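> Just a sequence and a predicted model for now, questions to come.
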Amino acid sequence: MSNTKPMFAIVASGGSYEDAWSRAEFVTDDEDKGIAYCEKMNALAEAVRSANIQYTKWQQHYMVDNPRVGPLPFTPLKVPAWKGSDKVTHEMRAERKRIQDINAANQQIANKPMVEYTLLMYQAQVAYKATLPEDIQLGMQNYYEDTRWEIEPINWLE
């Protein structure tokens with residue numbers, strides 16, 4: 001065995017059961033630096049968990065104050081269908097296309113309140129998250145609330 005300096009792997013892990021995962025993120029020869037990094041990242045994960053709880057509460061209040069909006073009632077026009085034995089003319093196809101276009105336009109009109117609600121809700125979510133510190137925002141994007149960091153000694157391959 002050589003007397004080389006020991007190395008340490010910084011390992012991130014998360015999930016559970018069949019979704020469990022683990023991966024080495026970094027290697028260092030400075031154990032104190034590795035421990036400090038793990039402590040920092042585990043504290044961040046806890047802060048992200050807390051921020052996600054607050055975000056969920058905010059979302060619930062938002063939805064109480066701004067109830068979800070669905071599409072307006074819409075009854076589509078009947079689209080002509082033909083049997084295989086029918087002689088289909090250009091005019092028949094044009095009429096079917098015209099009716100399909102009307103239905104599509106009316107469907108868009110019916111969906112407009114729902115689309116606007118969804119956009120406003122998304123904008124409110126973005127504005128809320130923007131009030132959080134950048135490291136928390138990044139942690140929420142990277143799902144750090146489900147991640148745990150540990151330092152593990154590793155052997156040199158000789």
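Looks like it arrived, so ask away.

> tell me, how many neighbours does residue 46 end up with?
Counted with other C-beta atoms under 10 Å, residues neighbouring residue 46 total 13. Where C-beta positions appear, they are placed from N, C-alpha and C, glycine not excepted.

> Is it correct that it falls within a helix?
Yes - judged by DSSP: H, G, I helix; E, B strand; the rest coil, residue 46 forms part of a helix.

> From residue 36, how far out is it?
16 Å (C-beta to C-beta, to the nearest Å).

> ranges for the strands of this structure?
Taking DSSP state E as the test, the strands found in the chain are 7-14, 21-28, 147-154.

> Just the CA trace of the last one, in CSV.
Backbone C-alpha positions of strand 147-154 (Å, rounded to 0.1, in the frame of the first residue of the first chain) are rendered in CSV as follows:
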residue,chain,number,x,y,z
THR,A,147,-31.1,15.2,-2.5
ARG,A,148,-28.7,14.3,0.3
TRP,A,149,-24.9,14.9,0.1
GLU,A,150,-22.4,12.7,1.8
ILE,A,151,-18.6,12.4,1.8
GLU,A,152,-17.1,9.0,1.4
PRO,A,153,-13.4,8.0,1.5
ILE,A,154,-12.2,6.2,-1.7
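
> just the angle between that strand and strand 21-28, please?
50 degrees (axes from the mean of the first three to the mean of the last three C-alpha atoms, to 10 degrees).

> List the buried residues of strand 147-154.
147, 149-151 (16 or more other C-beta atoms under 10 Å).

> do the same with stretch 67-74
Using 16+ other C-beta under 10 Å, none of the residues of stretch 67-74 count as buried.

> First-to-last residue distance for it?
21 Å (C-alpha to C-alpha, to the nearest Å).

> contacting residues around that stretch?
Contact partners of stretch 67-74, identified using C-beta atoms under 8 Å, 6 or more residues apart in numbering, comprise 106-107, 109-114, 116-117.

> can we see that at 6 Å?
106, 110-111, 113-114, 117 (C-beta atoms under 6 Å, 6 or more residues apart in numbering).

> Kindly report the same for stretch 31-47.
8, 10, 28, 136, 139, 144-145, 147, 149, 151.

> pLDDT on that stretch, on average?
Averaged across stretch 31-47, pLDDT comes to 96.

> Ok, stretch 56-68 next?
Mean predicted lDDT for stretch 56-68 stands at 95.

> pLDDT below threshold where in this structure?
1-3 (pLDDT under 70).

> let's see it at 80
Applying pLDDT under 80 to the chain flags residues 1-4, 156-158.
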